[in-house]
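In: This is a predicted model, with the sequence first.
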Amino acid sequence: MSTLEVKVVRAEILEHPNADALEIARIGGEGGYQCVVGLGQFKNNDLVIYIPPDSIVPDNIFEYLSQNKITIKGGRIRAIKIRKQFSEGLCLTPSQWLEDKDIVEGKDVTEILGVTKYEPPPPSRGGMLGKGKGINTNYLNPEFTAYTCVENSKKHPKVLQPGEEVVATIKWHGTNFRCGHAASLRRDWSWWTKFKKRFFGLKIVPMEFLVGSHNKIRRPSKATLESKYFDYKKTDTYWRAAEKYNLESVTRQIGENEALLMDNPDQLPNVTLYAEIIGPGIQKGYEYGIEQGEIEIRVFDIRVNKVFLDWDRVVHLCDCFDLPTVQEVYRGPWSLDVAKLAQATDEYNGKKYNREGIVVRPVKERRDFRCGRVIFKFLSETYLLDKTNSDNH
């Protein structure tokens, strides 16, 4: 899910091709969000308040929309089609909602308006994901980094440069998974390690292997580790994935190799592997042809310390350990035509699935002051409009 920003922005007003009483407000220029608005509601280049999809509006805005016969369920703004045109979000007149001092182009007014981000419920712990028995999800280790939020491309349509070499991969619809080795917390060090570091100046930091979802570490409890009758590695889906692909050994070997490249072979770096777990029961309607009771992963990133590896490096490392990666569907110069690849149907074992979207990144990792890491998701309109799909995207 993207981060939420409700801003005062300029809108480009375009003709609606299928309705005389409607127009289209485009935010951020070509490749940005578009929102269907009433005819004459705004003039070209007017300042507007733009509220993106997956926002929850407060009661006063909800009541205003209801009075204007705009129906939204639970106060949530969703992408819809209006007279065959995709409409993403909501445009409001700033003077109706803000004081003059706050009507400034680029100003973030999320808190002023009281808009909050819609948070989808977590995947069911019944069925495939299990009930988390014997697993502690309150453990914290800041060295085991949660995944970077991949922003919707329409939020920053001008960051990718025309002709820039990019790679596009399929955005699989599963549950986010991470695992790897991270420097263990001092409180967890053995007394012998503390003694050696204090009296002998030992510089090596102990490492621990961790498994988790995108925002929770899934650490077995002490009782679970000591139990002779309960095997969390067979019941917890995230640990099942780690076991199936031998990821404790794999991420250690990656760390050992990276330590050599850093000319520090005695200290393993923090290594985190990120993947999507897919299979029956993970996401409704998206089994991807995998047999009942089985799971698979698709690796999409590897991070060493605080640096994400270039995509080709990720693919090379995964090839070395027979790890499946997300499928590459395009490599070449960037243009908006690449975004059309998000609108596709894929076939697995004879069954067709609407593609959730694609993820596009430069072939060589880079950062930009506007968005941080340059990596964007392009979501399929067909997928977004299908209300039977989950909101975890």
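Out: Cool, got the structure. Residues are numbered from 1 along each chain as shown.
In: After the longest helix seen in the chain, which helix or strand is next? Please name it.
Out: When the chain is scanned for its longest helix (criterion: DSSP state H), the result is helix 247-261. As assigned by DSSP states H and E, the chain's next helix or strand after helix 247-261 is strand 271-278.
In: Let's see that next one as CSV, backbone CA atoms only.
Out: Presented in CSV, the C-alpha positions along strand 271-278 are these (Å, rounded to 0.1, in the frame of the first residue of the first chain):
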residue,chain,number,x,y,z
VAL,A,271,20.7,-9.7,4.7
THR,A,272,16.9,-9.6,4.1
LEU,A,273,15.2,-11.5,1.3
TYR,A,274,11.7,-10.3,0.2
ALA,A,275,9.2,-12.4,-1.6
GLU,A,276,5.5,-13.0,-2.2
ILE,A,277,4.0,-16.3,-0.9
ILE,A,278,1.4,-17.6,-3.3
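In: What pairs with that strand, parallel or antiparallel?
Out: strand 175-183 (antiparallel), strand 296-304 (antiparallel) (DSSP bridges).
In: Let me have these in JSON lines, adding mean pLDDT, mean neighbour count and distance to Tyr232 as columns.
Out: For every residue, glycine as well, the C-beta is placed using N, CA and C. Formatted as JSON lines, the strands paired with strand 271-278 follow (pLDDT from 0 to 100; neighbours: other CB atoms under 10 Å; distance: least, CB to CB, whole Å):
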{"stretch": "strand 175-183", "mean pLDDT": "94", "mean neighbour count": "24", "distance to Tyr232": "14"}
{"stretch": "strand 296-304", "mean pLDDT": "97", "mean neighbour count": "22", "distance to Tyr232": "18"}
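In: OK, contacts around Val115?
Out: Residues near Val115 by CB atoms under 8 Å, 6 or more residues apart in numbering: Leu4, Val6, Ile51, Ser55, Ile56, Val57, Pro58, Ile61.
In: The fourth one and Leu113 touch, don't they?
Out: No: using CB atoms under 8 Å, Ser55 is not in contact with Leu113, being 9.6 Å away.
In: between these two, who's got more neighbours?
Out: Ser55 (24 against 19; other CB atoms under 10 Å).
In: For that one, name its beta-bridge partners.
Out: Under DSSP bridges, the beta-bridge partners of Ser55 are Ile77, Lys117.
In: Tell me the pLDDT of it.
Out: What the model reports for Ser55 is a pLDDT of 92.
In: same thing with the one 5 residues further on?
Out: Predicted confidence (pLDDT) for Asn60: 93.
In: Helix, strand or coil: sort out it for me.
Out: Three-state call for Asn60 (DSSP: H, G, I helix; E, B strand; the rest coil): helix.
In: that older thread, of the contacts of Val115, which is the nearest to Val299?
Out: Val299 lies nearest to Leu4 out of those, by CB to CB, at 28.2 Å.
In: picking that back up, which one of the strands paired with strand 271-278 lies closest to Lys154?
Out: Closest among the strands paired with strand 271-278, using CB to CB: strand 296-304, at 20.5 Å.
In: Check which element follows the closest one along the chain.
Out: strand 307-308.
In: Which elements pack onto the following helix or strand past that next one?
Out: Going down the chain from strand 307-308, the next helix or strand is helix 311-320, by DSSP H and E. Judged by 3 or more CB pairs under 8 Å, 6 or more residues apart in numbering; DSSP states H and E, the packing partners of helix 311-320 are strand 296-304.
In: How about residues contacting the strand it packs on?
Out: Residues outside strand 296-304 that contact it (CB under 8 Å, 6+ apart) are 145, 147, 169, 172, 174, 177, 180, 241, 244-245, 254-255, 258, 269-279, 288, 290, 308-309, 313-314, 317-318, 323-327, 359.
In: Can you say which of those residues are buried?
Out: Listed as buried from the contacts of strand 296-304 are 145, 147, 169, 172, 174, 177, 180, 241, 245, 254-255, 258, 269-279, 288, 290, 308-309, 314, 317-318, 323, 325-326, 359; burial here means 16 or more other CB atoms under 10 Å.
In: OK, contacts around the residue nearest to Ile27 when sequence neighbours are not counted?
Out: Ranked by CB to CB, 6 or more residues apart in numbering and with sequence neighbours excluded, the top spatial neighbour of Ile27 is Tyr33, at 4.5 Å. Contacts for Tyr33 (CB under 8 Å, 6+ apart) come out as Arg26, Ile27, Tyr50, Pro52, Glu88, Gly89, Lys154, Lys155.
In: Ramachandran coordinates for the fourth one?
Out: So that's Pro52. phi -80, psi 170 (degrees, to the nearest 10).
In: residues in contact with it?
Out: Pro52 is in contact with Ser2, Leu4, Glu5, Val6, Tyr33, Ile77, Glu88, Gly89, Asn152, Lys155, counting by CB under 8 Å, 6+ apart.
In: Sort out for me which of these are in strands.
Out: Judged by DSSP state E, strands contain the following of the contacts of Pro52: Tyr33, Ile77, Asn152.
In: now, among those residues, which is nearest to Thr235?
Out: Asn152 (35.3 Å).
In: Can you give me the neighbour number for Gln253?
Out: Applying other CB under 10 Å, we find 15 residues neighbouring Gln253.
In: Starting from Val314, give me the distance back to the closest residue to it other than its chain neighbours.
Out: Counting by CB to CB, 6+ apart, Gln253 lies nearest to Phe321, which is 7.5 Å off, once chain neighbours are set aside. The spacing between Phe321 and Val314, counted by CB to CB, to the nearest Å, is 11 Å.
In: out of the contacts of Tyr33, who's nearest Met207?
Out: Nearest member of those to Met207, counting by CB to CB, is Lys155, at 36.2 Å.
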